[in-house]
Structures are given as C-alpha cells and as structure tokens.
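**Q** dropping the sequence and predicted coords here.
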Amino acid sequence: MDAVNTAGRKPVNGPQGVGLLVKAFQILDLFTDERPAWTQSELARESGLARSTLSRLVRFLCGRSYLMEQRGRYVLGFAAIDLGRRAQLQFNLVDLCHDLLEEVAQTTGETAILTGYDESRACVVCLAQIPSRHGGLRVFDNIGNTYPLYAGASAKAVLAFLPEHQIERVLAGPLTPFNSAFKTNAKKLRAQIAEIRSKGYVVTSQETFPGVTGVGVPILTPRGEALGCIAMAGPLHRMDAKAVARCANLMLDIGRRAAACIAGVAAGAGA
C-alpha cells in the first residue's frame with residue numbers, strides 16, 4: 001500500500017548459463033494451436049538445434065512431463081497443460097474475484113485489495129483495489145505495486161500456503177524491512193506461518209506502511225496452494241480489536257468462497 005491519507009519472436013540474448021534454458025523454451029514455443037505435434041526430425045529442422053542437443057532436451061522435457069510422445073510424435077505434456085491452467089487462473093483473478101472484492105469494500109467500508117503471487121520475483125503484485133469510502137484518512141494502493149512475501153497481510157497470506165521449499169527459500173533470504181520500523185526474522189516468520197495456517201487468515205499491523213492494519217486470506221487452488229490474496233486495509237485508529245474480529249470473520253467466508261470459485265473453474269477446465 002502506498003500510504004495513508006493520501007507474432008514474430010525476437011532472439012533471446014542472455015548469459016551463457018541460461019543457454020540450455022533458452023533452447024528448451026525454443027522447443028516448447030514451437031508447439032502451437034496450428035502445429036500441436038512434431039517429430040524429433042521436424043523439431044531439429046525447425047529449431048536449427050543440433051540433433052544430439054535436441055534429443056537430450058526432448059528427453060529431459062518428457063521426463064518432467066512438459067512433453068509426451070504419442071505414436072512417434074511429441075505433444076505438450078500434462079505439466080505444460082497444468083502450468084498454462086495456473087497461469088490462466090492467475091491472469092483471470094481480477095474477473096473471478098471482482099464480486100468478492102466489492103463485498104469486502106462494501107461491508108467493511110475500508111480499502112479492498114487483490115494481490116497475485118509472482119513466483120519468479122518471490123512477491124505479490126497488486127492486481128486490483130477498491131478504495132475506502134471514508135473521507136480523510138484512508139489507505140490507497142497502486143495497481144502493479146509489489147510486496148515481499150514476508151511483509152503485510154496480502155503477502156503473508158500467500159506465503160503461508162506455498163510449498164515448503166518456497167517458504168524455506170524466503171526464510172533463508174534477506175528479510176529487509178519494507179517499513180523500516182517493522183523488523184522480523186526467520187523464527188518469528190515461521191511461527192506466524194503456523195498461526196496463519198491454523199486460523200486461515202492473517203492480521204498485520206504497520207508491516208508495509210506506518211499506521212496501516214491489514215487482514216488477508218489466501219486464494220487457494222484445489223491442491224491448497226495460494227494463487228493470491230484478498231485483503232482489506234484500514235488506518236490503525238479504525239481497526240480496534242472488535243473491528244479486526246469482524247473483518248476476520250468476513251474474510252474467512254470470502255476466502256472459502258474464493259476457493260470454491262477457483263475449484264469450479266479448475267473443474268471446468270479439466271472437463
């Protein structure tokens with residue numbers, strides 16, 4: 001939160017260490033709606049890769065289920081399909097959660113915020129917000145703002161439900177305060193993760209900006225992994241214990257309904 005009160009492909013250039021990764025994506029990029037199946041000879045000819053290199057990469061991609069062989073031709077595998085499904089859900093979170101976000105804003109009178117999880121940057125990104133109706137002191141966020149996974153309700157609600165290896169990576173990394181007045185460490189963060197998992201929601205105070213209290217719930221997939229978070233944020237002086245308790249009950253219901261919505265879309269995608 002910012003403050004209170006107020007069709008051709010270009011060549012990919014990169015360091016030498018990512019050369020094989022670039023070649024792997026070069027292969028995957030050939031699988032399109034117009035051309036969903038390829039033989040190894042066709043892949044080698046179209047990509048320009050050496051046969052030996054292409055063969056090794058195809059074996060690797062098949063081993064990770066990003067490709068699979070069907071009658072001598074290769075098609076995208078289940079891992080690639082699942083990756084695309086998750087990306088589509090992430091992309092459509094704003095549409096899927098719009099009514100729930102509206103309900104949070106109307107019921108609490110405070111700012112409602114939707115964030116999405118960005119694994120590549122280990123952060124959450126503000127995808128949408130509905131500003132508070134209150135005049136004067138209120139919280140405002142900007143679409144596109146990012147927050148580290150260890151700071152704030154909209155980030156910690158996601159962190160608590162990530163796979164363990166991703167959590168460990170965050171705990172092992174630098175935990176530089178977003179708000180210089182708030183400091184944490186791996187031990188405190190681990191304890192808070194356990195509490196969030198137990199309660200199903202998170203309450204934070206002044207972790208991102210001074211004078212801001214946030215209450216957030218994760219948006220969970222059917223497998224229990226977090227895609228993002230729906231949160232509300234308000235000035236500290238309006239968020240006393242009773243207000244926080246009311247918001248927590250509301251957000252738990254919102255979280256359950258968001259998960260049901262995501263599960264319905266996922267079931268439809270697999271039909």
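**A** On my side now, so go ahead.
**Q** going by C-alpha atoms from here, please, whenever you check contacts or count neighbours.
**A** Will do.
**Q** what about the longest helix seen in the chain, distance to the chain center?
**A** In the chain, with assignment by DSSP state H, the single longest helix is helix 241-270. Distance of helix 241-270 from the chain centroid (Cα atoms, centre = their mean, to the nearest Å) equals 16 Å.
**Q** okay, strands next: where are they in the stretch 101-250 of the chain?
**A** Along the stretch 101-250 of the chain, counting by DSSP state E, counting those that start in this stretch, strands occupy 111-118, 123-130, 139-140, 146-148, 202-205, 212-220, 226-235.
**Q** which stretch in those has the least confidence?
**A** Mean pLDDT is lowest for strand 139-140 out of those, coming in at a mean of 74.
**Q** residues contacting residue 216?
**A** 153, 154, 157, 201, 202, 203, 229, 230, 231, 232, 248, 251 (Cα atoms under 8 Å, 6 or more residues apart in numbering).
**Q** same check, this time on residue 249
**A** So residue 249 contacts nothing (Cα under 8 Å, 6+ apart).
**Q** apply 10 Å and report the result again.
**A** Residue 249 makes contact with residue 201 under the criterion Cα atoms under 10 Å, 6 or more residues apart in numbering.
**Q** tell me the pLDDT at it?
**A** For residue 249, the model assigns a pLDDT of 97.
**Q** export the strands of the stretch 101-250 of the chain as CSV, with columns for distance to residue 63.
**A** Output for those, formatted as CSV (distance: least, Cα to Cα, whole Å):
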stretch, distance to residue 63
strand 111-118, 26
strand 123-130, 29
strand 139-140, 46
strand 146-148, 33
strand 202-205, 39
strand 212-220, 28
strand 226-235, 26
